[in-house]
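Trainee: using only what follows, build the 3D model:
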Amino acid sequence: MKKTVLTLTLAASVLALGACSGDSDKNSEVIATSKVGDITQNDLYEEMKSSIGDQAFQLLMIEKVLADKYEVSKDEVNTQLKADKEQYGESFEAMIAQQGYTEESYKKFLELNLLQEKALIEDVKVTEEEIKAEYENIKNEINARHVLVADEETAKKVKAELESGKDFAEVAKEYSTEEAAQTSGGELGWFGKGQMVPEFEKVAFGLEKNVISEPVKSEFGYHVIEVTDTRTIEKSYEDKKAEIEKQLKLEKADQSKLLPKVAKMMKDAKIEIKDKDLKTSLDQFLAAAEEQKTPAEDAEAKTDTTEDAEATEDEK
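Mentor: From the prediction side, this is the model:
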């Protein structure tokens, strides 16, 4: 069970909403015809706006304010895409499809995540010693799969069925509470130390190949794990240094600061919402960002407000 890094994600449907919100001529373009009536791009836009409009607008604005300050290249997106494909192997296509993505829309998701990462780790520092130590730590990788269930009794039943010779993927599909298991069969791909929750990692890296573990309890439930292969990475320290440095920064970063940071960027952007149906779409997001501010950030915001007020008074 992988540790999540970012709290903001991009729904696949947001991409469609953004694509439908072009000029008025395009919005009137017919995208489907039938004996019972036609559907235009504007029909689709209005329908999606009424169902996911606020969330979609928030995410599209997040992307715009982040892209204005940070840059993510096509090479960075393609590098991450390649890494994900290597990690998930043959189950990659099924994994992204299960989440509602095509490869192109998944690349858009990766682009936004990379933008968020740059905002999150902008001021985080790591030392050369920390990077070298982590390189030694992740040299060895394993390829594993698991079945995740809610209770220990079910986990023991799963272990018994697997040890009796039942197909792992079928058992995962039948019992796993992890939604992705319906398409991945419980496959986790290749990973090194530091990428999984501690309880899972400790057992997984201690297992011999093709041995079914005892039930392992974590914050997600009970795991039954099997390691299918092991390897030692061939890349040199210099080749892996930038990747490791970024990962260490992400682990050190205070994720709770991302939301207020993005909210401040939105306020600085002076957003004027012209669509009356979306007028309040950012209110809940900005309110949530205010609630997550630390006392220090709140004090800084008050100082900025005071300075702005003083500047306005001087202008008068």
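
Trainee: mind checking the SS state of the closest residue to Leu148 other than its chain neighbours?
Mentor: Of all residues not flanking Leu148 in the chain, Glu178 sits nearest, at 4.6 Å (Cβ to Cβ, 6 or more residues apart in numbering). For glycine as for every other residue, the C-beta is placed from the backbone atoms N, C-alpha and C. What DSSP: H, G, I helix; E, B strand; the rest coil gives for Glu178 is coil.

Trainee: what's the per-residue pLDDT of Glu178 here?
Mentor: With respect to pLDDT, Glu178 has a value of 92.

Trainee: what's the neighbour count on it?
Mentor: Using other Cβ atoms under 10 Å, Glu178 has 18 neighbouring residues.

Trainee: next one: the one 4 residues further on
Mentor: Each residue near Gln182 was counted by other Cβ under 10 Å, and the total is 14.

Trainee: before we move on, what about the one 3 residues further on?
Mentor: Other residues near Gly185 number 20, with proximity taken as other Cβ under 10 Å.

Trainee: for it, give me its contacts.
Mentor: Residues in contact with Gly185 (Cβ atoms under 8 Å, 6 or more residues apart in numbering) are 91, 145, 168-170, 172-173.

Trainee: could you list the low-confidence segments of the protein?
Mentor: Applying pLDDT under 70 to the chain picks out residues 1-27, 289, 292-316.

Trainee: max-length helix in it?
Mentor: Longest helix of the chain, by residue count under DSSP state H: helix 41-69.

Trainee: what packs against that helix?
Mentor: The contact analysis (3 or more Cβ pairs under 8 Å, 6 or more residues apart in numbering; DSSP states H and E) places helix 41-69 against helix 12-20, helix 24-27, helix 103-121, helix 258-268.

Trainee: following the last one, which helix or strand shows up next?
Mentor: The reference is to helix 258-268. Going down the chain from helix 258-268, the next helix or strand is helix 283-291, by DSSP states H and E.

Trainee: ok, and what's touching that following helix?
Mentor: Taking contacts as Cβ under 8 Å, 6+ apart, the residues outside helix 283-291 that touch it are 54, 58, 259-260, 262-264, 266-267.

Trainee: which PyMOL command selects the buried ones in these?
Mentor: This is how PyMOL selects the buried members of the contacts of helix 283-291, with burial counted by 16 or more other Cβ atoms under 10 Å:
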select buried, resi 54+58+259+260+262+263+264+266
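
Trainee: is it possible to export the contacts of helix 283-291 to CSV including distance to Ser184?
Mentor: Shown next, in CSV, are these (distance: Cβ to Cβ, whole Å):
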residue, distance to Ser184
Asp54, 31
Gln58, 29
Leu259, 30
Pro260, 35
Val262, 31
Ala263, 35
Lys264, 38
Met266, 36
Lys267, 41
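
Trainee: which of the contacts of helix 283-291 sits closest to Glu152?
Mentor: Using Cβ to Cβ, Leu259 is the member of these that sits closest to Glu152, with 36.1 Å.

Trainee: that closest one and Glu251, how far apart?
Mentor: 18 Å (Cβ to Cβ, to the nearest Å).

Trainee: and if you look at Gln98?
Mentor: Taking Cβ to Cβ, one finds Gln98 at 27 Å from Glu251.

Trainee: again with Leu188
Mentor: 19 Å.

Trainee: more neighbours, those two?
Mentor: Higher neighbour count among Leu188 and Glu251: Leu188, with 25 against 14, using other Cβ under 10 Å.

Trainee: how about that one, what does it touch?
Mentor: Counted by Cβ under 8 Å, 6+ apart, Leu188 has contacts 2, 143-146.

Trainee: ok, it to Ser236 distance?
Mentor: 26 Å.
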